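Undergrad: A predicted structure for the sequence below; I have some questions about it.
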Amino acid sequence: MRHLLGRFRWDLALLGVAAVWGLTFITVKDATAIYPTLQFLAWRFAIAVVAFVALFPRSILRFDRRTVVVGGIAGALMAVAYVAQTWGLHIMTHNASSRAGFITGMFVVITPVLQVFVMRRPPRALTLVGVVMGTVGLWLLAADGSVGWSVADTLVLSCAFTYSLQLIVIAKWAKGIDIAALTLMQLLVGVVGCAVAGLLLERPTLPTGWPLWGALLLTGVLATAVAFWVQTSALRHLSPTRTALILIGEPVFAGIFGVALRGERLSEAGWAGSALILGGMLTAEVLGPWMAERRAPAREVADEAVTESAPAEAEGAEG
């Protein structure tokens, strides 16, 4: 047993990250029911900055001009994505955790499509299959319940699009930048952006009570700082494809927690749509790269692994 735990310790650690990210859909919805959304995000990012610097104290010394510019752009996109997701989750009324989890997971199939226009990188055939599966899955998920597709769903889907753009920015322009410093810069932009917006658009108030502080610590420390540390450490031992396969479990955990803790119940169409979205994620993010690795020469495989690791490493701020 000890040998197995040692052999699969990073797989289990990543599975824990996926579970924490899945749980945050419930905790964030509960927290924003009693505390303003923008201020919640500002505190979340501030706590994440403190925890991140504690884990990576040297990251603050590795800032340079490129880190500030690229991190500033990526951080702005990250902040917009989080605001859209959190706002959408806050106003979502039907199966919120399950729906938001699977809709957010669409970023996996959206990213390679956007790469066609931004990076001039043609998608693989299996990636296109995954996009079709995910799109059909969204259509079926929209049929779950009497409300159909709502403004909340659109907000969460816009989060997936914006997060995809953030990953593309990192993949295109972040080569040679220290990834820890880049992540810290993004978190700092998130703090400033959400704090300023919160002061202008919401009535300033300090967070009180253990339920709210528990949500802030879970999202800021575990779902951001610790999750990033686990990812960057795991990528030294696991392939990007294997890492992606495990982290794709995030929407699955969101659905499990939604059913177990909130009594959420998807219709048959909702379950079918969720399964198609998950299948599309697996096809685009795992099966496609795996097939390419089998066909490509060893040199091309190595180059592709380096390229694909950037988005995976950047996901430390998700959840």
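TA: Looks like it arrived, so ask away. Numbers count the residues shown, from 1 in each chain.
Undergrad: quick one: buried residues of stretch 208-217?
TA: The neighbour-count check on stretch 208-217 (16 or more other C-beta atoms under 10 Å) flags 212, 215-217 as buried. In this view, the C-beta of every residue, glycine as well, is placed from N, C-alpha and C.
Undergrad: any chance of CSV for the residues you listed, columns secondary structure?
TA: CSV is the format used below for the buried residues of stretch 208-217 (DSSP: H, G, I helix; E, B strand; the rest coil):
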residue, secondary structure
212, helix
215, helix
216, helix
217, helix
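Undergrad: among those residues, which one sits closest to residue 137?
TA: residue 215 (28.7 Å; C-beta to C-beta).
Undergrad: where does the prediction get shaky in the chain?
TA: By pLDDT under 70, the low-scoring segments of the chain are 1-7, 145-147, 241, 295-319.
Undergrad: helices or strands up against the longest helix seen in it?
TA: Counting by DSSP state H, the longest helix found in the chain is helix 65-91. Using 3 or more C-beta pairs under 8 Å, 6 or more residues apart in numbering; DSSP states H and E, the elements in contact with helix 65-91 are helix 9-32, helix 37-55, helix 96-104, helix 151-173, helix 179-201.
Undergrad: next one: it to chain centre, how far?
TA: Distance of helix 65-91 from the chain centroid (C-alpha atoms, centre = their mean, to the nearest Å) equals 11 Å.
Undergrad: please identify the buried residues of that helix?
TA: 66-68, 70-71, 73-90.
Undergrad: circling back to that earlier point, kindly compare burial across the helices and strands packed on helix 65-91 and name the winner.
TA: Mean neighbour count (mean count of other C-beta atoms under 10 Å) peaks for helix 96-104 among those, with a mean of 28.
Undergrad: how far does that one sit from the chain's center?
TA: For helix 96-104, the distance to the chain centre is 12 Å (C-alpha atoms, centre = their mean).
Undergrad: that helix vs helix 9-32, what angle?
TA: If you take axes from the mean of the first three to the mean of the last three C-alpha atoms, to 10 degrees, helix 96-104 sits at 120 degrees to helix 9-32.
Undergrad: who touches the following helix or strand past helix 96-104?
TA: Heading C-terminal from helix 96-104, the first helix or strand you meet, by DSSP states H and E, is helix 107-118. Contacting residues not belonging to helix 107-118 are listed as 121-124, 127, 130-131, 133-134, 159-161, 163-165, 167-168, 171-172, 244, 248, 280-281, 284-285, 311 [C-beta atoms under 8 Å, 6 or more residues apart in numbering].
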